[in-house]
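K.L.:
sharing a model that was predicted from the sequence below.
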Amino acid sequence: QKEVEQNSGPLSVPEGAIASLNCTYSDRGSQSFFWYRQYSGKSPELIMSIYSNGDKEDGRFTAQLNKASQYVSLLIRDSQPSDSATYLCAVKGDWGKLQFGAGTQVVVTP
Amino acid sequence: NAGVTQTPKFRILKIGQSMTLQCTQDMNHNYMYWYRQDPGMGLKLIYYSVGAGITDKGEVPNGYNVSRSTTEDFPLRLELAAPSQTSVYFCASSYSLGDLPGNTIYFGEGSWLTVV
């Protein structure tokens, strides 16, 4: 059974600080990894995709991938109240099927 | 451009009733998916389709059926509803499988189903 694991949180982060989210996956053959943001009552929204080892930056978001250690992380710099949401890690398998982690709730406190 | 449209948005079913969740996309996407999300959990794949006439089971298919008679539509049928099927259902679609810029998986807004 392929698994994607995330810390459940909630992760409380002061406004302006860095939020660090981690995700591990069990399928060593996985090649495509995604971070989704989900506000309460809404559908998941793609914020980052990463396919190669190393860092990928997009605005205040940085995704990090280490295939040897089978983990993916997401850093949110200068956290804002609007970043308060649940962040879902997803790994793409065959036929585009996504395997999701349970999500990490982030709460940005003023 | 409507994207992925799901109906109904909210529905209450009684135990043993049946219903169909509708999903339509207007982007000519080949690949379509149904996920369910229970409270505090990630999404789990119910069924998927790689094109009209072709469907297959995902991780949690029991109690559900699908069909894909056209490229645009991918309805999810719940037979003999049970309280365990109380969940939020998301339909999703993508054009291709490649990891190319712009080849995003699009999600519908979700359908909230309660079985009582």
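P.N.:
Great, that's in hand.
K.L.:
interface residues of chain A facing chain B?
P.N.:
Contact residues (CB under 8 Å from any CB of the partner chain) of chain A with chain B: A:4, A:6, A:8, A:31-32, A:42-46, A:49, A:51, A:88, A:90, A:92, A:95-103. In short, each C-beta sits where N, CA and C put it, glycine included.
K.L.:
only the buried subset of the residues you listed, as a PyMOL command please.
P.N.:
To isolate the buried members of those in PyMOL, using 16 or more other CB atoms under 10 Å in any protein chain shown:
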select buried, chain A and resi 4+6+32+43+44+49+88+90+92+96+97+98+99+100+101+102+103
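K.L.:
among the residues of chain A next to chain B, which lie within strands?
P.N.:
A:4, A:6, A:32, A:45, A:46, A:49, A:88, A:90, A:92, A:98, A:99, A:100 (DSSP state E).
K.L.:
centroid-nearest residue for chain B?
P.N.:
Centroid-nearest residue in chain B, with CA atoms, centre = their mean: residue B:34, separated by 2.7 Å.
K.L.:
who's in contact with the closest residue to that one other than its chain neighbours?
P.N.:
Computed as CB to CB, 6 or more residues apart in numbering or on different chains, the closest residue to residue B:34 that is not its neighbour in sequence is residue B:46, at 4.4 Å. Shown in contact with residue B:46 (CB atoms under 8 Å, 6 or more residues apart in numbering or on different chains): B:34, B:35, B:36, B:58, B:59, B:60, B:61, B:64, B:66, B:76, B:89.
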